[in-house]
Each structure stands twice: as structure tokens, then as C-alpha cells.
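Chemist: Predicted structure and sequence below. I'll ask about it afterward.
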Amino acid sequence: MVKEWGDWEKYREHLLRQVKDFEKAKATLSEENTKFEADRRSLEWGHEGLRGKLRAAEDLLAKERADWKKICEKDNQRMYAARAKITDLEAQTATLTQKVEDLGADKERVEAELSA
């Protein structure tokens, strides 16, 4: 009976050690799980922050692109108006040059008639 009792005590101590080891492992797992969840939340918040910055940058880029298109459109209209004005002035210059040449020819003809 003593032998059986001694075996029982060893078995009981062995079970108690296993229970303690299990409790330690359970506590460690719980701590690691808590740390993992905190890290996961931290990463998610970081991702959300970066997504927010990306959306803000995209919005700013879209706004700048729209402003740039407006500026280019205004600049193109101004350049077109300037080109049209230059073309008109060139036509007027050509007309005036032709009139001057005609008047010069008339003057020479009149002077030739007067001298003759």
C-alpha cells in the first residue's frame, strides 16, 4: 500500500506540475495574444492613416490638375486672341504697304507726266 501511495503522490505531483505548466502557458498565450491584437490594431490605424494621407494627396492632385487645366485653357484663349490680333495687324500692314506702293507709283507717274 505504501508503494501504491508513493506512486499516487508522484502521479499527483506530476499532474500538479503539468497543471502549473499549463497555467503558465495559458498566461503566456494570453499575453502574446493581447500583444498581437495591440500590434494588429496599431498596424490597422497606421494603414488607415496612410490611406487618409493618400486620399488627401489624390484630392489635392485632382484639384491642382483641374486648376492647371483652367489656367491652360485661359492661356490658350489668350494666345489665340494674340495670334488673331497679330494676323490682323499683318494684314493691315500688307494693305498699308500696298497703298504706299500704289501712292509711290502714282507719284512717279504724276511726276513723269509733269516733267513731260
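Modeler: Perfect, thanks for sending it. On a predicted model such as this, the values are computed, not experimentally measured, just so you know. Numbering: from 1, shown residues only.
Chemist: which regions of this protein sit below the pLDDT cut-off?
Modeler: In the prediction, the chain carries residues with pLDDT under 70 at positions 1-2, 116.
Chemist: mind running it again at 80?
Modeler: Counting by pLDDT under 80, the chain contains low-confidence ranges at 1-3, 5-6, 116.
Chemist: where along it do the helices fall?
Modeler: With DSSP state H as the criterion, the chain has helices at 2-115.
Chemist: What about residue 86, how many residues nearby?
Modeler: 10 (other Cβ atoms under 10 Å). Backbone N, C-alpha and C define where each C-beta goes, glycine included.
Chemist: any idea how far it lies from residue 108?
Modeler: Look at residue 86 and residue 108: by Cβ to Cβ, to the nearest Å, they are 32 Å apart.
Chemist: Check residue 72 too.
Modeler: If you go by Cβ to Cβ, the gap between residue 72 and residue 108 works out to 53 Å.
Chemist: go on, residue 20?
Modeler: Residue 20 sits 128 Å away from residue 108 when distances are taken as Cβ to Cβ.
Chemist: Kindly report the same for residue 33.
Modeler: The value you get for residue 33 to residue 108, if Cβ to Cβ is used, is 109 Å.
Chemist: for residue 37, same thing?
Modeler: When Cβ to Cβ is applied, the distance between residue 37 and residue 108 equals 104 Å.
Chemist: what does residue 53 give?
Modeler: Using Cβ to Cβ, residue 53 is found at 80 Å from residue 108.
Chemist: Also residue 28?
Modeler: Look at residue 28 and residue 108: by Cβ to Cβ, they are 116 Å apart.
Chemist: Would you mind measuring from residue 30 to residue 37?
Modeler: Residue 30 sits 11 Å away from residue 37, taking Cβ to Cβ as the criterion.
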